[in-house]
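Student: The sequence and its predicted three-dimensional model are supplied below.
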Amino acid sequence: MSAEYKFESHEQEELKSSEKSKVKLTDLLSRLNQEKKKERNSNIALSVAAVSAVTVFGIILSL
């Protein structure tokens, strides 16, 4: 009888842990989109910095 009780409580613990570990697909997709936006913004900033540096260097050389 005590073994049955332990088995039932173990099943309940597994159900609770599986409910906690579920991840919603919409949450993952929104997180992915946020990361893409951050990466795109950082790439744009880096590109602008590189173009600006080349432009300033070119102006300095032409003087």
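Tutor: Thanks, I have it. Numbering: from 1, shown residues only.
Student: okay, now K38: neighbour count?
Tutor: Number of residues near K38 (other CB atoms under 10 Å) recorded here: 10. Glycine gets a C-beta too; all of them are placed from N, C-alpha and C.
Student: mind checking pLDDT for it?
Tutor: We have a pLDDT of 97 for K38.
Student: Which element, helix or strand, includes it?
Tutor: Using DSSP states H and E, K38 sits in helix 25-62.
Student: what stretches of this protein score poorly on pLDDT?
Tutor: Counting by pLDDT under 70, the chain contains low-confidence residues at 1-20.
Student: cutoff 80 now
Tutor: 1-21 (pLDDT under 80).
Student: thinking again about what came up before, just the buried positions in the helix holding K38, please.
Tutor: By neighbour count with 16 or more other CB atoms under 10 Å, helix 25-62 contains no buried residues.
Student: Which elements pack onto that helix?
Tutor: Here helix 25-62 touches no other helix or strand, going by 3 or more CB pairs under 8 Å, 6 or more residues apart in numbering; DSSP states H and E.
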